[in-house]
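>>> task: produce atomic coordinates for the following.
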Amino acid sequence: MKTDVLLIPMSARWKDMRAAALAAEEAGFDGIWTWDHLRDPDGPSGPGVPEALTVLTALAEATRRVSLGSLVLNVANRHPGLLANMAATIQAVSGGRLLLGIGAGGSKRTPYAVEQQALGQSVDGDQARAQRVVEAIEVLRRLWSGDGSSFAGQHYRLERPTGFLRPEPPPPIIVGGFGPRMAAIAGRHADGMNTQAFHPRLADLVKVARDERAAAGRDPASFIVTVFAGMDERWLRGDSRARQSLERVGVERLILLLSPPFDPGEIRAAGRLLGA
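From the prediction side, this is the model:
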């Protein structure tokens, strides 16, 4: 099981994110992720939030080995045609290291809905937001494959698209979610899923996703399961019960969250525990 870190961008400075990413790569972590948000719901008057894909592009140039991931991009923030081109660009800059995490965005019940409402965007209900994810995946795959046929969905349209940048290889699409609806979408349409490491129904969600993948005629064994948790020593030691419980479920990547201000020394110390 791979071990990654996620750099929480709320109130973070780019130079500190860069230093933390370089420390994580040096320390032996396998990947660097960041969240996709436009503002800090807990401190809206603070210094702001660095944009996720811009950060990942810069880190693609600064790093050499680690995977780079978004956890997860709100598909309502970017038209999937634009997202397809942005992801293809990062894939080129990074040499094929992108893991494209996408999701439905926050519902009206979450503090993250405010960042969309502040920009005049509506926040749809759960079913509509889930359908938007399905259509976004369809658009991404069509553009990446060079499919020039038209497409008409409930949320997006393509009119004989040609000439779009095509990534080599296309990055895996990982869908984030916490319930069976998004797990099913991940299994049927995407390449992987992300949820909480401590989710009480983690095994059930993984089964839903793999069953849907098999029903769609796709290999369940190639499905990528990722989970996130806070940085803690029990997640770093290879012989810990916590890690072993995830491995039994089939988790491939464990993503550990880091809050600013980032301490490169602490990141290197955590790396020394990996596999211990």
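>>> name the residues of the helix or strand hosting residue 114 that are buried.
Taking DSSP states H and E as the criterion, residue 114 maps to helix 113-117. Under the neighbour-count criterion of 16 or more other Cβ atoms under 10 Å, helix 113-117 has 113, 114, 115, 116 buried. C-beta: built from backbone N, CA, C; applies to glycine.
>>> closest to residue 205 among the residues you listed?
Using Cβ to Cβ, residue 113 is the member of the buried residues of helix 113-117 that sits closest to residue 205, with 23.6 Å.
>>> where does the prediction get shaky in the protein?
Along the chain, the parts satisfying pLDDT under 70 run over 44, 275-276.
>>> circling back: CA atoms only: put the helix holding residue 114 into PDB for me.
Once side chains and other backbone atoms are set aside, the C-alpha atoms of helix 113-117 remain, and they are given as PDB (Å, rounded to 0.1, in the frame of the first residue of the first chain):
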ATOM      1  CA  ALA A 113     -21.500  25.600  -0.900                       C
ATOM      2  CA  VAL A 114     -20.800  29.200   0.000                       C
ATOM      3  CA  GLU A 115     -17.800  29.400  -2.300                       C
ATOM      4  CA  GLN A 116     -20.000  28.600  -5.300                       C
ATOM      5  CA  GLN A 117     -22.900  30.800  -4.200                       C
END
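>>> what's in contact with that helix?
The set of residues that contact helix 113-117 without belonging to it, under Cβ atoms under 8 Å, 6 or more residues apart in numbering, is 37, 38, 39, 41, 74, 76, 77, 105, 106, 107, 122, 123.
>>> was I right to think the last one contacts residue 110?
To tie it back to what came earlier, the one meant is residue 123. No - checked against Cβ atoms under 8 Å, the pair residue 123 and residue 110 is beyond contact range at 9.1 Å.
>>> quick one, which of those two is more surrounded?
Comparing residue 123 with residue 110 by other Cβ atoms under 10 Å, the one with more neighbours is residue 123, at 19 against 11.
>>> my reading is that the more buried one lies in a strand. Confirm?
No - with the criterion set as DSSP: H, G, I helix; E, B strand; the rest coil, the secondary structure at residue 123 is coil rather than a strand.
>>> quick check: residue 89 vs residue 34, distance?
17 Å (Cβ to Cβ, to the nearest Å).
>>> which of these two has more neighbours?
When neighbours are counted by other Cβ under 10 Å, residue 89 and residue 34 differ, and residue 34 comes out ahead with 26 against 16.
>>> which strand residues bridge that one?
Per DSSP bridges, residues listed as beta-bridge partners of residue 34: residue 7, residue 70.
>>> for the stretch 101-250 of the chain, which segments count as helices?
Using DSSP state H, counting those that start in this stretch, the helices of the stretch 101-250 of the chain run over residues 113-117, 126-145, 180-189, 202-215, 233-236, 241-249.
>>> list the buried residues in the last one.
When burial is assessed from 16+ other Cβ under 10 Å, helix 241-249 yields the following buried residues: 242, 243, 246, 249.
>>> got the angle for that helix vs helix 202-215?
20 degrees (axes from the mean of the first three to the mean of the last three Cα atoms, to 10 degrees).
>>> what of the second one?
Angular relation of helix 126-145 and helix 202-215 on a 0 to 180 degree scale: 50 degrees, by the same axes, to 10 degrees.
>>> count the neighbours of the residue lying closest to residue 67 once chain neighbours are set aside for me.
Excluding its sequence neighbours, the residue lying closest to residue 67 (Cβ to Cβ, 6 or more residues apart in numbering) is residue 31, at 3.7 Å. Taking other Cβ under 10 Å as the neighbour definition, residue 31 ends up with a count of 23.
>>> kindly report the same for the one 10 residues further on.
By the other Cβ under 10 Å criterion, the neighbourhood of residue 41 contains 14 residues.
>>> one step back: can you redo the buried residues of helix 241-249 as CSV with distance to residue 151?
Formatted as CSV, the entries for these read as follows, by distance: Cβ to Cβ, whole Å:
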residue, distance to residue 151
242, 43
243, 42
246, 37
249, 35
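>>> closest one of these to residue 193?
Taking Cβ to Cβ as the measure, residue 249 is the one of the buried residues of helix 241-249 closest to residue 193, at 11.6 Å.
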